[in-house]
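Asker: Predicted model follows, preceded by the sequence.
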Amino acid sequence: MSTLLHVSASPRDAASDSRALAGAFLDPYRRAHPDVAVEELDLFDGTLSAVGHLAAEAKMAAWGGGQPSAEQQDAWKAGMPYVLKRWIDIISQPGWLFSCTPDSGYSGPIRGRKAAVICTSGVYQPGAPLAYGDDFHAAFFNDRLRFAGFADVAKIRWQPAVDTATRDTETTAALQRAAEAGSHF
């Protein structure tokens, strides 16, 4: 049986936009792939046991986590939740999740598998002045997933930033995009 590993890295529970997007992605995914087991890993529940084995054995991975709300932004310093960064650092060990040689650079053992990255942002959004931060998620996830060997990566991103005037409409559209991606993943 194939496995999809869903890693959640938002402390905001029901108020989390990234958790809502992940749910919108996972519900149609489960319906389209009833033969795939979905392993849930919530990085804010305090458990990091066996995550390396789950990551190595999972056929697919869906990482959900984003920049926090504007009120929490300072805690993340315009980056990602510290528990997600810590987890990725823990499993990103040479010889375990990737290797690097002078001749070929980085390569990873995960071949022929898919990944989905679901990110949100409470302040950053494309086109905003640099005073609102930058996109730290995309570069970090692209590098780590490439190091591990993932070549097929779906990205679902939504920036319900502090100055979003039509938040409800944009939320609905983002949830629909996530559901569409989940049904075709």
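Answerer: Received the coordinates, thanks. Numbering: from 1, shown residues only.
Asker: What segments of this protein are helices?
Answerer: With helices called from DSSP state H, the chain shows them at 17-32, 51-57, 73-76, 82-91, 136-148, 167-184.
Asker: wait, which of those helices is closest to Phe44?
Answerer: Comparing these against Phe44 with C-beta to C-beta, the closest turns out to be helix 82-91 (6.0 Å). For the C-beta atoms, the positions are set from N, CA and C on the backbone; glycine is no exception.
Asker: quick one: contacts for the nearest residue to Ala138 once chain neighbours are set aside?
Answerer: Nearest non-adjacent residue to Ala138, counting by C-beta to C-beta, 6 or more residues apart in numbering: Lys155, 7.3 Å away. By C-beta atoms under 8 Å, 6 or more residues apart in numbering, the residues touching Lys155 are 116-117, 119, 138, 141.
Asker: do the same with Ile88
Answerer: Arg144.
Asker: Got the confidence number for it?
Answerer: Per-residue pLDDT puts Ile88 at 83.
Asker: cool, Val7 as well?
Answerer: The model's pLDDT for Val7 equals 86.
Asker: what's the spacing between stretch 166-177 and its chain's center?
Answerer: Here stretch 166-177 shows a centroid-to-chain-centroid distance of 18 Å under the convention C-alpha atoms, centre = their mean, to the nearest Å.
Asker: Going forward, count from 49.
Answerer: Sure, I'll start counting at 49 from here, so that last one is stretch 214-225.
Asker: Only the C-alpha atoms, please, for that stretch, written as CSV.
Answerer: The C-alpha trace of stretch 214-225 is given here as CSV (Å, rounded to 0.1, in the frame of the first residue of the first chain):
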residue,chain,number,x,y,z
THR,A,214,-11.3,40.6,-0.4
ARG,A,215,-10.2,37.9,2.1
ASP,A,216,-13.4,35.7,2.0
THR,A,217,-13.4,35.6,-1.8
GLU,A,218,-9.7,34.9,-2.0
THR,A,219,-10.1,32.2,0.7
THR,A,220,-12.8,30.4,-1.3
ALA,A,221,-10.7,30.6,-4.5
ALA,A,222,-7.6,29.2,-2.7
LEU,A,223,-9.5,26.3,-1.2
GLN,A,224,-10.9,25.5,-4.6
ARG,A,225,-7.3,25.5,-6.1
